[in-house]
Every structure is written in C-alpha cells, then in structure tokens.
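Asks: Please work out how this folds:
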Amino acid sequence: MLDNLKILFHQGRQYIPDVTAAQVPGIFKGRPVISSEIINEAELAEICPTNAISTAPVCIDLGKCTFCGECAFAFPGKIKFTTDYRIATNDRGRLVIMEGSDKPVELNPELIRKEISKYFSGSLKLRQVSAGGDNSCELELNACGNVNFDMGRFGIEFVASPRHADGIVITGPITENMAQSLQICYDAIPAPKIIILAGIDAISGGIFEGSLALNRSFLSKYKIDLYVPGNPIHPLTFINGVLELIRKKK
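Replies: Residues are numbered from 1 along each chain as shown. Model (predicted):
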C-alpha cells in the first residue's frame, strides 16, 4: 500500500478533470500569431515545406502547416506559436490565420447541420479510416480514449464496424489504393452521418499534396463537418472540436 502511494505521489494525477480548460506545456505549438513586423516575406514563405505561408499579407494555413516551427525560429518577431490547442473548425477558411489577428479559431454555427446536434449531442460513434496515414494521427486518436483524456465520458467512441458508426474520421492523404475502401466504408455508415478530417494530410494532402499516388476525389463529393489540424493532431484539439460540433446548435 505504501509503495502504491509513493508511485501515485511521484506520477501525480493522469486524469484530466476538464478537457475544455486543460493546460498544455509551453513547448506545445498551437495557434500561431503573426505580428505586423516588416520582414523579407519571400524568404519567410520559402522556409515552409508545405507552402502553408502566403504573403502580402502574411497568412498561415493551418490545414497545410506541419507545426515544425521553422518559420518562428527564423523570424521570432514575426511569428509566434501559442499553446492554444482549440483550432478545430467546420469552416475551411477559418484555418487561415491572418497577419495582425489574435482571434481564436471557432466553428461557424451556420455550417452545422441540424441533425448533428439533434441526433449526436449525447452519443457519437465514429469509424476511423487510415487512408494512407503514417500512424501518427492514428496514435493520437487512440490516446483520446485513454485514462488521461477519457473521451468516452462524453459518449464519443470509436467502433470497429462502419455499420455501428455515426460518422467517419479520415486520417492520411487518401492514397489511390485506399480511395475505394474509404468510399465503401462511408457508404456502409447509416445516414445521417458526419465526416471529420484529422491531420493536415487529410485536410490538404500535407507534404504529399499534388502527388500522383493520391486520389482525393472523395472529398469533393461530400460536405466536411469538421477539420482538425495538426501534424499529428493533439487529443485535446480533437475532443474539443468534436464536442463543439455536436453541442453547438445552428
């Protein structure tokens, strides 16, 4: 008993009582803030490996950003990454962080379908499909259900069969080899159903954008209900994004 108490004292509490107000370490890179400092914008844009940075004015697209931090390292007075992990949204345009803006990334209530809050506000079962992912976002999605984050307390769980699911969570850039399998899985989910893109590979293709090995035609067929940026995503980003989606009414 004494040894167990020593271990508990040493490790502290792993369980996060309130995932909507949890704090993350300072080394975490979340929502960036771009100052009005005058710099060589062409040199800044050249740094980004995924062309997430555009100029005149300087903007960062979180749907493409790998959060490597090289831009902030090279131009610390221009770009700073905060610890704000609440960066999921249902509006693709809101993932673009503008120069001089320090507004949080939020969902657009007008884009939330009525059936989402009607049917899924108390329980949401999701089928995850790795469409050519590197297993990083997949690992973080697994972590959403561990003792630290305990996503299941909100009735949000991953299920093995699409026929038991209310929606699909896509990770990876959607390779040609996975395109048909993704479509089959989606078709097997009963309506109404939601689509969540987790990670920049799923949102934009990431570093694989433009590759001939990809087939992203699936995304042009359906409305995307939630974009969860990150490389990989953080469990708090995913959980808070999903909670906002199913709880916020149009």
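Asks: following the lengthiest strand in the chain, which helix or strand comes up?
Replies: Scanning the chain for the longest strand, with DSSP state E as the assignment, gives strand 124-130. Downstream of strand 124-130, the next assigned helix or strand under DSSP states H and E is helix 136-143.
Asks: And that next one, how far out from the chain middle?
Replies: The gap between where helix 136-143 is centred and where its chain is centred comes out at 11 Å by Cα atoms, centre = their mean, to the nearest Å.
Asks: Not counting that helix itself, show me its contacts.
Replies: Applying Cβ atoms under 8 Å, 6 or more residues apart in numbering, the set of residues contacting helix 136-143 from outside is 128, 130, 149, 158, 169, 171-172, 198-199, 201-202, 230-235, 238. The way it works is simple: take the backbone N, C-alpha and C, and place the C-beta from them, glycine included.
Asks: Pull out the buried residues from the helix or strand just after that helix.
Replies: Taking DSSP H and E as the definition, the helix or strand that follows helix 136-143 towards the C-terminus is strand 156-158. Taking 16 or more other Cβ atoms under 10 Å as the neighbour-count basis, strand 156-158 is seen to contain the buried residues 156, 158.
Asks: how about the helices of the chain, start to end?
Replies: Using DSSP state H, the helices assigned to the chain run over residues 2-11, 41-47, 70-74, 114-120, 136-143, 176-188, 200-204, 235-247.
Asks: Run through who's touching the third one.
Replies: I take that to be helix 70-74. Counting contacts by Cβ under 8 Å, 6+ apart, the residues outside helix 70-74 that touch it are 29, 32, 43-44, 47-48, 53, 60, 78-81.
Asks: Show me just the buried residues among these.
Replies: Judged by neighbour count, with 16+ other Cβ under 10 Å as the criterion, the buried members of the contacts of helix 70-74 are 29, 32, 44, 48, 53, 60, 78-79, 81.
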